[in-house]
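Q: Pasting the sequence and the predicted model now:
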Amino acid sequence: MGVRPNSRLAKECGLEVNDRGGIVVNEYLKTSDPSIYAVSDIIEVKEFGSEYRTMIPLAPGGLEKYNGTQGTAIVKVFDLSVATVGVNEKVLKSRGLELNKDYFTGICRGKHS
């Protein structure tokens, strides 16, 4: 699983990109060229609630200040759905942060698509 941005054009235009190819933008989604904005899953954004930078395949936009992104993922394997929100344990540990774990298991009955 995962996405890899196609930032060839951005690189050819001389825009700053990170080591994974994500276009670096500021809090207003401007690139290293102040006349160019970038959005969608090709940009590196500030992680919501922290100053860390990350790449999350979502499509923010607008002319207001962008306050960051909180990643969300949901995967379904057969009849089991697993979801996560925010930063994972591996990332928190690499930052030297303490964490609390909560697990929720539930059974949903009925037809779901």
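A: Structure received. Numbers count the residues shown, from 1 in each chain.
Q: going forward, measure contacts and count neighbours with C-alpha atoms only.
A: Noted.
Q: buried sites along stretch 38-45?
A: Under the neighbour-count criterion of 16 or more other CA atoms under 10 Å, stretch 38-45 has 38-39, 41-45 buried.
Q: Save those as TSV, and put in pLDDT too.
A: Compiled in TSV, the buried residues of stretch 38-45 are given as follows (pLDDT from 0 to 100):
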residue	pLDDT
38	88
39	82
41	78
42	85
43	87
44	86
45	79
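Q: Show the residue spans covered by the strands in this structure.
A: 23-24, 43-46, 53-54, 72-77, 80-85 (DSSP state E).
Q: mind listing what the closest residue to residue 7 other than its chain neighbours touches?
A: Using CA to CA, 6 or more residues apart in numbering and skipping residues adjacent in sequence, the residue nearest residue 7 is residue 21, 5.9 Å away. By CA atoms under 8 Å, 6 or more residues apart in numbering, residue 21 lies in contact with 4-7, 42.
Q: confidence score at the closest residue to residue 83 other than its chain neighbours?
A: In this structure, residue 83 finds its nearest non-sequential neighbour in residue 74, 4.2 Å apart by CA to CA, 6+ apart. In the predicted model, residue 74 carries a pLDDT score of 84.
Q: Just to check, residue 74 is in contact with residue 80?
A: No: taking contacts as CA atoms under 8 Å, residue 74 lies outside contact range of residue 80: 10.5 Å.
Q: For residue 53, give me its contacts.
A: Contacts of residue 53 (CA under 8 Å, 6+ apart): 44-47.
Q: ditto for residue 44
A: Residue 44 neighbours (CA under 8 Å, 6+ apart): 18, 22-25, 53-56.
Q: Good, wrapping up.
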